[in-house]
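Student: Provided below are the primary sequence and the corresponding predicted coordinates.
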Amino acid sequence: MSISVVDTSDNSFATDPYYEDRLNLAAAFRMTARLNMDEAVANHFSYAVDEGGNRFLVNPFGRHFSNMRASDLLLLDANSEIAEKADPTAWAIHGAMHRNAPHARCVMHVHSKYATVLASLVDSALPPIDQNSMRYFNRVAIDDSFDGMGLGDEAERLTTTLANKRVLIMGNHGVMVVGNSIARAFDELFYFERACQNYIVALTTQKPLRIASDAVAEKTARQWEEYMDKVGFCDAHLREVREILDREEPDYKL
């Protein structure tokens, strides 16, 4: 299998062609841990370094999100066999996503608290009750056919379920978001969890929900998309994350 781990003992790391991708992905891992959206040494993020999705960076087995460094990331081939340092579920699910879903340049899968609560409900739809949840109106796929831990046939099935959506609620499991960049996927993950949090907390009040009309929800979702593209919202989010880490956890760059 094609696999590489960067050697940081000399200056070769600085000339790695995927250096910035490694930094961005490592930063996303670190901030996800700070937000308490990780789960021990489980869950995975990956980024396809080629447009065809054949080669992708992914976290190795057993590395905690809060300890992730740029040089820890493995470079794998989605069309080959699993490598020794790769997690079987990561290789199966993320390999399938990168092979089969061209828009899934970056794939982030977590068992974050509120998204997983939503994935545990019989009705896992996220109603448009606030500006954040409206961002995802009619833009979320729901998988209700959980059949184990994402190995083999399930990994291939998930790509079909996702279709052209950018968020997949994995019933009885967690959530997966995809994006055309690391910045976009991380921003989607952050705001989807915030939207789920607001919804789950609202349910605990046992009061009627203020659900927006389909027209208003769709209008708001489009406004989100136009706004993000116009001002570079997602890139700004990740840039600020890196600035925080540069100051407080600079070892993510190693």
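Tutor: Sure, I can see it.

Student: for residue 39, grab phi and psi.
Tutor: Dihedral pair for residue 39: phi -150, psi 90, per degrees, to the nearest 10.

Student: mean confidence score for the helix or strand harbouring residue 31?
Tutor: Per DSSP states H and E, residue 31 falls inside helix 19-34. For helix 19-34, mean pLDDT rounds to 98.

Student: go on, stretch 198-209?
Tutor: pLDDT averaged over stretch 198-209 gives 98.

Student: helix or strand right after the helix holding residue 31?
Tutor: strand 44-48.

Student: next SSE after that next one?
Tutor: Next along from strand 44-48, by DSSP H and E: strand 55-58.

Student: burial of the nearest residue to residue 171 once chain neighbours are set aside, as a residue count?
Tutor: Excluding its sequence neighbours, the residue lying closest to residue 171 (C-beta to C-beta, 6 or more residues apart in numbering) is residue 144, at 4.5 Å. Glycine gets a C-beta too; all of them are placed from N, C-alpha and C. Residue 144 has 12 neighbours, counted by other C-beta atoms under 10 Å.

Student: before we move on, what about residue 232?
Tutor: With other C-beta under 10 Å as criterion, residue 232 counts 11.

Student: again, but for the one 10 residues further on
Tutor: Using other C-beta under 10 Å as the criterion, residue 242 is surrounded by 18 other residues.

Student: would you check that it makes contact with residue 28?
Tutor: No. Between residue 242 and residue 28 there is no contact under C-beta atoms under 8 Å: 9.5 Å.

Student: what ranges do the strands span in the protein?
Tutor: Listed in chain order, the strands of the chain (DSSP state E) span 3-4, 44-48, 55-58, 74-77, 106-110, 140-143, 167-170, 174-179.

Student: pick out the shakiest of those, pLDDT-wise.
Tutor: Among the strands of the chain, strand 3-4 carries the lowest mean pLDDT (a mean of 41).

Student: picking that back up, let me have the strands of the chain in CSV, adding mean neighbour count as columns.
Tutor: Formatted as CSV, the strands of the chain follow (neighbours: other C-beta atoms under 10 Å):
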stretch, mean neighbour count
strand 3-4, 14
strand 44-48, 27
strand 55-58, 24
strand 74-77, 22
strand 106-110, 27
strand 140-143, 19
strand 167-170, 26
strand 174-179, 25
